[in-house]
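A.B. asks: fold the following and give me the result.
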Amino acid sequence: MAAAAIAAALRRDRNPAAAAKRLGISRASIYTKMKIHDVPYRSIVPEKMDGLLVAGRCISATHVGAAAGKSMGNCMAIGHAAGVAAYMSVKKKIMPRELKVAELRDRLRADGVEFNLKDRNQTELPKV
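C.D. replies: This is a model prediction of the structure:
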């Protein structure tokens, strides 16, 4: 996806602790594969308001996308991207919607954000 700015993950079970209790197994033994997906930059740029970026649970997303984006790690990743985009927009004296996504991705890569995940299908889950 050319416009993707943020990588995020979706748990198959929204509440792993409740799933462990329901299944009668140790919470520590629940490591589920996640569907890795990208969050497009356009999802943090409001459609009808200039000069504003949204992050975390406020992004524009489908029901499933919104469920995936509400975990703390995903909220932090989206917030990081929004903060960097805001800084870059102010520095260039442009509106956030005018920011080139490729430039944002380059800056996020410089911060250590990985866009080409080596194990997108999560073939190796941690051992407990």
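A.B. asks: only C-alpha atoms for contact and neighbour calcs from this point on.
C.D. replies: OK.
A.B. asks: how about the strands of the protein, start to end?
C.D. replies: 4-11, 34-40 (DSSP state E).
A.B. asks: can you show me the helices along the chain?
C.D. replies: 16-23, 63-68, 72-92, 101-110 (DSSP state H).
A.B. asks: of those helices, which is nearest residue 51?
C.D. replies: Across the helices of the chain, residue 51 has its closest neighbour in helix 72-92 (8.6 Å, Cα to Cα).
A.B. asks: average pLDDT across the closest one?
C.D. replies: Helix 72-92 shows an average pLDDT of 92 in the prediction.
A.B. asks: mind listing what's buried along that helix?
C.D. replies: The neighbour-count check on helix 72-92 (16 or more other Cα atoms under 10 Å) flags 74-75, 77-82, 84-86, 88-89 as buried.
A.B. asks: possible to save these as JSON lines with distance to residue 57?
C.D. replies: Shown next, in JSON lines, are the buried residues of helix 72-92 (distance: Cα to Cα, whole Å):
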{"residue": "74", "distance to residue 57": "9"}
{"residue": "75", "distance to residue 57": "7"}
{"residue": "77", "distance to residue 57": "12"}
{"residue": "78", "distance to residue 57": "9"}
{"residue": "79", "distance to residue 57": "10"}
{"residue": "80", "distance to residue 57": "14"}
{"residue": "81", "distance to residue 57": "14"}
{"residue": "82", "distance to residue 57": "13"}
{"residue": "84", "distance to residue 57": "18"}
{"residue": "85", "distance to residue 57": "17"}
{"residue": "86", "distance to residue 57": "18"}
{"residue": "88", "distance to residue 57": "22"}
{"residue": "89", "distance to residue 57": "22"}
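A.B. asks: nearest to residue 64, of these?
C.D. replies: residue 74 (13.7 Å).
A.B. asks: distance check, that closest one against residue 112.
C.D. replies: The gap separating residue 74 from residue 112 is 15 Å, by Cα to Cα, to the nearest Å.
A.B. asks: circling back: wait, which of the helices of the chain is closest to residue 49?
C.D. replies: helix 72-92 (14.2 Å).
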